[in-house]
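Peer 1: what shape does this take:
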Amino acid sequence: MNQVLINDTTLRDGEQAASVAFNIEEKIAIATFLDAIGVDEIEVGIPAMGKAEQNAIAAICELGLHAKLLGWNRAVISDVQASIACGLQRVHISIPVSHIQINAKFQGKWQLVLQKLKDSVSFAVDQGLFVSVGGEDSSRAEDNFLQDVVLSAQAWGASRFRYCDTVGILEPFTIYTKVKQLVTALAIPIEMHTHNDFGLATANALAGVKAGATSINTTVNGLGERAGNAALEEVVMALKHLYKYDLKIDTQRLIEISRLVASASGYGVPPWKAIVGDNNFAHESGIHAHGVLQNPHTYEPFAPEEVGSSRRLVVGKHSGRHLLSNVLEQHGIILNSEDTQSVLDAVRQASMQKKRSLTTQELLFLVKVQQNSQAS
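Peer 2: I've put the predicted structure just below:
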């Protein structure tokens, strides 16, 4: 089984999400946290963007992190020079490889694309840098042309190729076939870069691993352009539980880093978000809650503590007697069968009026009302 590395691009592709802009303190905090939980590699930004970005990247380089740091570049020598000036020793060089991208950016001159890639890769290699080459829009590239590009990049000294499903138009079966062909043809490793336009970013990244890719680009919370990227927390937990990989990542802090990035980006985490959403270990339904009370494995794929979360039993429209009794017992309240049913009816009515489950305070208030009603 090949080792799989996580190359997180929250600070580059994640920040490219519309209306997201990290300041230098936030970029340093995110990089430090990614390093602390054991992420292998961090794509720290785009040096060619200008002074502010360069200052942030240089500051991260000076932290002495264990994670390898990578800068994103166009196939332009001045971009690579900007990365070097920041203190980076690893560069990613991106080049369009589909007809639609080459026509839009290079007027269809594919020979020019190859020349610019050769010049920039050769320059970076001559400077002693680790070079990753990314095929922008690999998923829409003609297969033979893409393979020629990657073989050329390998010959010029590239150490890794990033397969980019730039607009998220592939599905796992096709990804597997296409990546398997490249893995067979190449001596250098393949990295997966998948987008979530059809909700398949994580599945496609995993399919790439199944085909032999050994690195995955992720972003915390799936932050990224349009519908986002493969989410760090989803990829890590799926590799751990579905593929049985030991990534040496501290999963117990996934909730914590999720909240950090949510705060920095200005976009909260939906409660139903896989792995890190508030509802992942919240149980309201009577059947589900009863099962979880008997054995958590009945309705939980892994323990909440694995990601730094905790189980919550909430009362609402779909709750049953077992759940209600359990919650009340935690507050020292034990009701007979008739009173339990009466409170449950009141809970369901209140939940429908409020369009949500009840807070503990609201539940206890209903019990108090019920007991006062009986006393009078």
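
Peer 1: how would you label the residue lying closest to Leu239 once chain neighbours are set aside: helix, strand or coil?
Peer 2: What sits nearest to Leu239 in space, not counting adjacent residues and going by CB to CB, 6 or more residues apart in numbering, is Tyr245, at 4.2 Å. Backbone N, C-alpha and C define where each C-beta goes, glycine included. Recorded secondary structure, Tyr245: coil (DSSP: H, G, I helix; E, B strand; the rest coil).

Peer 1: Tyr245 contacts Ile6, doesn't it?
Peer 2: No - assessed by CB atoms under 8 Å, Tyr245 is found out of contact with Ile6, at 10.2 Å.

Peer 1: the two - which one has more neighbours?
Peer 2: Neighbour tally, Tyr245 and Ile6, criterion other CB atoms under 10 Å: the higher count belongs to Ile6, 23 against 17.

Peer 1: give me the contacts around the helix or strand hosting the more buried one.
Peer 2: Ile6 is located in strand 5-8, with elements delineated by DSSP states H and E. For strand 5-8, contacts defined as CB atoms under 8 Å, 6 or more residues apart in numbering pick out 34, 39-43, 70, 191, 214-220, 232, 235-236, 247, 249.

Peer 1: any idea how many residues pack against Leu302?
Peer 2: Small correction: residue 302 is Phe, not Leu. Using other CB under 10 Å, Phe302 is surrounded by 16 other residues.

Peer 1: I'd like the next helix or strand past the strand holding Ile6.
Peer 2: Following strand 5-8 in sequence, per DSSP H and E, is helix 24-36.

Peer 1: which parts of that next one are buried?
Peer 2: Residues of helix 24-36 classed as buried: Glu26, Lys27, Ile28, Ala29, Ile30, Ala31, Phe33, Leu34, Asp35 (neighbour count, 16 or more other CB atoms under 10 Å).

Peer 1: run through the protein and note the low-pLDDT ranges.
Peer 2: Applying pLDDT under 70 to the chain flags residues 1, 286, 374-376.

Peer 1: spatially central residue for it, please.
Peer 2: Note on the chain: the residue nearest the mean C-alpha position is Ala231, at 1.4 Å, using CA atoms, centre = their mean.

Peer 1: how far away is the residue nearest to that residue when sequence neighbours are not counted from Gly14?
Peer 2: Once flanking residues are discounted, Ala231 sits nearest to Gly222: 3.6 Å by CB to CB, 6+ apart. From Gly222 over to Gly14 the distance is 9 Å, taken as CB to CB, to the nearest Å.
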